[in-house]
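Engineer: Sequence first, then the predicted structure:
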Amino acid sequence: MRKLLLLLTCLLMCCCSALALAADKTKAANDPDAIKPIETISAAEMNERLQAGDSDDLLYVKIKEDRVEVYQGLAADRSLRKQLILTMPNTEMLRLYTNNKATFAQMNKMLSDYESSNANFNGYKIITDKDTPKKLENGGKIYRLWFMKIEREKQSRRGGWNFPIGIGIGIGGGHHHHGPWIGVGW
């Protein structure tokens, strides 16, 4: 009877935690504070805007070959930059472009810090690099950098201890052992 009650309690707890997890995912998808692009444009349109050289706090994130998401307000808000990094697709190289030096500097610093600290983003780590700014005819610059979240290697099943263990069993003799013995070594 106790085993049956324990089993039912465990099943009830599993169902409740699964429902809570599903509710959290739905809440995250409908969260009004989550970062969203102000618009999605083509790569050609992005190039036209960047060539115009406006220095607004806009960050263009090239996700696919011809899909670019535009974000605003990242230079001054660290939490928005972190949300952007978290929401970007995994295992895909993302190219970032901006005319705003402050936006570039803050994004580059944050991504470089995450890379050097080997931060964990839900099983992924960040790699990043920056390109030389492209100079425009009007004196402005296009700042370019990229980042990627790559999957971390899984830990060993032995908890990270990777050394062989030898077990020896012997019978009899010897100078110090009288009778059977068992030895463990590495």
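Structural biologist: Great, that's in hand. Numbering: from 1, shown residues only.

Engineer: So for stretch 89-100, what gets flagged as buried?
Structural biologist: Burial within stretch 89-100, assessed by neighbour count using 16 or more other CB atoms under 10 Å, is assigned to 94, 96, 97, 98, 99, 100. Heads up, the C-betas are built off the backbone N, CA and C, glycines and all.

Engineer: Quick one: end-to-end distance for that stretch.
Structural biologist: 24 Å (CA to CA, to the nearest Å).

Engineer: Any regions of this protein where pLDDT drops low?
Structural biologist: Residues of the chain meeting the criterion pLDDT under 70: 5-8, 10-33, 154-186.

Engineer: Among the buried residues of stretch 89-100, find me the one that's closest to residue 73.
Structural biologist: Relative to residue 73, the closest of these is residue 100; by CB to CB it sits at 10.7 Å.

Engineer: packing partners for the helix or strand hosting residue 59?
Structural biologist: Secondary structure from DSSP states H and E places residue 59 in strand 58-64. On a contact count with 3 or more CB pairs under 8 Å, 6 or more residues apart in numbering; DSSP states H and E, strand 58-64 meets helix 43-52, strand 67-72, strand 94-98, helix 101-117.

Engineer: Extract the CA atoms of the longest one and return them as PDB.
Structural biologist: Translated: helix 101-117. Extracted in PDB, the C-alpha atoms of helix 101-117 (Å, rounded to 0.1, in the frame of the first residue of the first chain):
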ATOM      1  CA  LYS A 101      30.200  52.900 -32.500                       C
ATOM      2  CA  ALA A 102      28.700  52.600 -29.000                       C
ATOM      3  CA  THR A 103      26.400  49.800 -30.000                       C
ATOM      4  CA  PHE A 104      29.300  48.000 -31.600                       C
ATOM      5  CA  ALA A 105      31.600  48.500 -28.600                       C
ATOM      6  CA  GLN A 106      29.000  47.200 -26.100                       C
ATOM      7  CA  MET A 107      28.000  44.200 -28.100                       C
ATOM      8  CA  ASN A 108      31.700  43.300 -28.900                       C
ATOM      9  CA  LYS A 109      32.700  43.700 -25.200                       C
ATOM     10  CA  MET A 110      29.800  41.500 -24.000                       C
ATOM     11  CA  LEU A 111      30.300  38.800 -26.500                       C
ATOM     12  CA  SER A 112      34.100  38.800 -25.900                       C
ATOM     13  CA  ASP A 113      33.500  38.600 -22.100                       C
ATOM     14  CA  TYR A 114      31.100  35.600 -22.500                       C
ATOM     15  CA  GLU A 115      33.600  33.900 -24.800                       C
ATOM     16  CA  SER A 116      36.600  34.400 -22.500                       C
ATOM     17  CA  SER A 117      34.700  33.400 -19.400                       C
END
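
Engineer: CA-only coordinates of the helix or strand that that helix is followed by, as CSV, when you get a sec.
Structural biologist: Next helix or strand after helix 101-117 toward the C-terminus (DSSP H and E): strand 124-130. Written as CSV, here are the backbone C-alpha positions of strand 124-130 (Å, rounded to 0.1, in the frame of the first residue of the first chain):
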residue,chain,number,x,y,z
TYR,A,124,26.1,26.2,-25.6
LYS,A,125,29.1,28.4,-25.5
ILE,A,126,29.9,31.6,-27.4
ILE,A,127,32.6,32.1,-30.0
THR,A,128,33.0,35.6,-31.5
ASP,A,129,35.2,37.8,-33.6
LYS,A,130,35.1,41.2,-35.2
